[in-house]
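[1] fold the stuff below for me.
(one chain, ligands or ions: 1)
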Amino acid sequence: MPRIAIIGGGISGLSAAFTLEEKRKSGTPVDYVLYEAAPRLGGVMVTDRADGCLIEAGPDSFLTEKPWAADLCRKIGLGDQLIGSNDADRKTYIVVKNKLVVMPDGLMFMVPTKILPTVLSPLFSMRTKMRMAAEWFHPPHKAEADETVAQMVERHYGSEMVDLLADPLLSGVYGGEATDLSVRAVLPRFADMESKHGSLGRAMLAARRKMASATKAPPRPLFSSLKDGMQQMVDAVVARLDPATLHTSSAVQSVIPQDNGWTVCAGYQTDQFDAVIIAAPTRAAAAVLESTDEDLARELAGINYSSSVTVTLGYDQNVRRSLPPGFGFLVPRSAGRRMLAATFVHNKFPHRAPDNRALVRCFLGGAHDEQVLTYSEEEIVQTVRDELRQIIGLNAEPLFVRVYKWKSAMAQYSVGHLERIQRIQALCKKLPGLALAGNGFNGIGVPDCVRSGAEAAAKILSEMGMWSAA
Ligand SMILES: Cc1cc2nc3c(=O)[nH]c(=O)nc-3n(C[C@H](O)[C@H](O)[C@H](O)COP(=O)(O)OP(=O)(O)OC[C@H]3O[C@@H](n4cnc5c(N)ncnc54)[C@H](O)[C@@H]3O)c2cc1C
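    Numbering: from 1, shown residues only. Prediction:
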C-alpha cells in the first residue's frame, strides 16, 4: 500500500492528513504518517482559557468569504459550532495623536466607497480628501511589473493613506509592511481592478452593486470562528485521524529521494515513503530539502517570515463599561507606538467573555519590530499597559494577562513572490512524489492553509493515479 509522509502538524498538514484519511476510509488503499516537531498538533492555532474567558493565542477567526475553513468544519461535524463576528457592532478606530478616530463608513479595506462619511471624517487631511475625489477619475492602468502595496496605494490616494490605513491593515493580516509586500501577491484584486477600471473606488462600488443584485441572501458575517475557539477545529480534525499515524515531538531533519520513493529522517529514525507532503514553514522546508535540491532549498529559504506577539488582558465589568464600542483599533507607525493593534474581543465575537468581563487582545512585533521577541513577558506586558493607558486611558489592573510569542510565523509575500512561487513549482516538477503546503505560498490565512493542505494531498494521490474529486 502506498505510504505518504506529512511534515508539519499545523492546520495545513492536518488538512492534508484529513484529506488522505477521508480517501482511506472510502476505500483508497493509502497510508500516511504525520511528523510534528512540537509536542502538540495545531501549530499556531492555540486556544486557552482564563477566568471564564476564551483566549486565542494565534488566529482568532477566518474570513467567511474564503470557504475552505468553514467547509472543513462542516465535514468534521462542527457546522453547528461556527459563529460569526458581531458585524452590527463593527467599528474600527485608528490612533491619531493618541486619540481614537473612527474609520469612516464605506471604507472597503482601504478604499473609500461612500463620499459623505469620507468627506466628513476627521481621519484624513484635506489634501488626502482631494486625492480621493481625483481618484474617482483615474483611467485604467496596468502596472508593467509587480510593485509594493505602498506604491500602488500612494499612486491612488497619497502617502497619508499608506500610513493611516494600508500599513496598519497589512500589519494586522501579514505582520508585514506596505513598503515591502507585493500587490500582486497580497491584493491581486486591487491590481485587477486598477487594470480594468482605473479607479479603485469605482471598481469597488461596481463589484458591490453586482454582488447585491446577484444575491438576495442576507449578508454573511465578515469573520467566522468556532464557539470553543480555533483549536476546536484542530481537535476535531485530530479526533478523526488514526492516533498511530501522528508522530509528535518528531522533528524531521531531511527528506531524500531514494529507490523511487523518499527516505524521511526524524531523530534517530528513518522510514521509507512513496511520497512526501511538506507542510512546515518554508525555512524549515528548505532545511529538510537542502541535500536533495539546493536550488529549491534556496528559493524556499528566500521567503521571509515575520514574528508576532499577542497579549490578552482580562478586566472586570467596570472596564467593560468604559471601553469604546467596536472591534478595536489599529496603530499607524507614525503614532510611534510598539503596539500594532488591539481587539476588543468581548465585542467582536460571542462566546468569548462573560458579560462581566472585558477582553483586550493586543498585537506587537511584525516585520519592523523583531526585537520585541527578545523582551521578557513582564517587559512586554508593561509596554502594552503603558500604551493602553496613553491611547485609551486604561489604567485598571488586569484580572489576568497571557502573552504568546510567535517566532517567524507569518510569511511575507514581498515583491516578486508570485514569480518565486512559479520557480518553486517548476523545481518541484522535477521531484515526483513531493508536494508543498502551508502559509508560505498562496495565502497566509487559515482558509488558504486548509486549501493548500488538501490540494497537496490531491496532487500526490493524482500522481499515484488514485485521485477522484468525489
Ligand atoms: C498571531 C497570529 C494571528 C493570526 N491571526 C489569523 C487570523 O485571525 N485569521 C487567519 O485566517 N489567519 C491568521 N493567522 C495566520 C494563520 O493562523 C497561519 O498562517 C496558519 O495557521 C499557518 O498554518 P500552517 O499549518 O501552515 O503553519 P503552522 O501553524 O506554523 O504549522 C507548521 C508546523 O510545522 C511544524 N514543523 C516545522 N518544522 C518541522 C520539522 N522539521 N519537522 C516536523 N514539523 C515541523 C511546526 O512545529 C508547526 O507546528 C495568524 C497567525 C498568527 C501567528
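
[2] what's the burial count for the nearest residue to L200 once chain neighbours are set aside?
    Leaving aside its sequence neighbours, L200 sits nearest to V111 (Cβ to Cβ, 6 or more residues apart in numbering; 4.7 Å). Every residue, glycine included, has its C-beta placed from N, CA and C. Here the number of neighbours of V111 (other Cβ atoms under 10 Å) works out to 23.

[3] quick one: pLDDT of V111?
    In this prediction, V111 carries a pLDDT score of 92.

[4] now do the contacts for it.
    L200, G201, M204 (Cβ atoms under 8 Å, 6 or more residues apart in numbering).

[5] same question for G366.
    Neighbour list for G366: S171, G175, G176, E177, S306, S307, S308, L340, M410 [criterion: Cβ under 8 Å, 6+ apart].

[6] and the fourth one, its phi and psi?
    The main-chain torsion angles of E177 are listed as degrees, to the nearest 10 and equal phi -120, psi 140.

[7] what number of residues lie near the closest residue to it other than its chain neighbours?
    Leaving aside its chain neighbours, E177 sits nearest to A367 (5.1 Å; criterion: Cβ to Cβ, 6+ apart). A367 has 22 neighbours, counted by other Cβ under 10 Å.

[8] now do the SS call for A367.
    Three-state call for A367 (DSSP: H, G, I helix; E, B strand; the rest coil): coil.

[9] which residues touch it?
    G175, G176, E177, D180, N304, S306, Q412.

[10] if we can go back for a sec, of the contacts of G366, which are in range of the ligand?
    Near the ligand, judged by Cβ under 6 Å from any ligand atom, the entries from the contacts of G366 are S308, M410.

[11] and which of the contacts of G366 is nearest to A185?
    Using Cβ to Cβ, G176 is the member of these that lies nearest A185, at 10.5 Å.

[12] okay but that closest one is in contact with I444, surely?
    No. The criterion here is Cβ atoms under 8 Å, and G176 misses it with I444 at 9.2 Å.

[13] hey, what's in contact with both of these two?
    Common contacts of G176 and I444 (Cβ under 8 Å, 6+ apart): M410, Y413.

[14] between those two, which one's more packed in?
    G176 (27 against 22).

[15] that one falls within a strand, correct?
    No. The assignment for G176, made by three-state DSSP, is coil rather than a strand.

[16] what about K210, how many neighbours?
    When neighbours are counted by other Cβ under 10 Å, K210 registers 10.

[17] pLDDT below threshold where in this protein?
    470 (pLDDT under 70).

[18] in the longest helix along it, which residues are buried?
    Looking across the chain with DSSP state H, the single longest helix is helix 446-463. The neighbour-count check on helix 446-463 (16 or more other Cβ atoms under 10 Å) flags 446-461 as buried.

[19] re earlier: turn the contacts of G366 into JSON lines, columns for distance to S468.
    Formatted as JSON lines, the contacts of G366 follow (distance: Cβ to Cβ, whole Å):
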{"residue": "S171", "distance to S468": "42"}
{"residue": "G175", "distance to S468": "39"}
{"residue": "G176", "distance to S468": "39"}
{"residue": "E177", "distance to S468": "44"}
{"residue": "S306", "distance to S468": "39"}
{"residue": "S307", "distance to S468": "41"}
{"residue": "S308", "distance to S468": "40"}
{"residue": "L340", "distance to S468": "45"}
{"residue": "M410", "distance to S468": "35"}
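
[20] pick the one among the contacts of G366 closest to the ligand.
    S308 (4.7 Å; Cβ to the nearest ligand atom).
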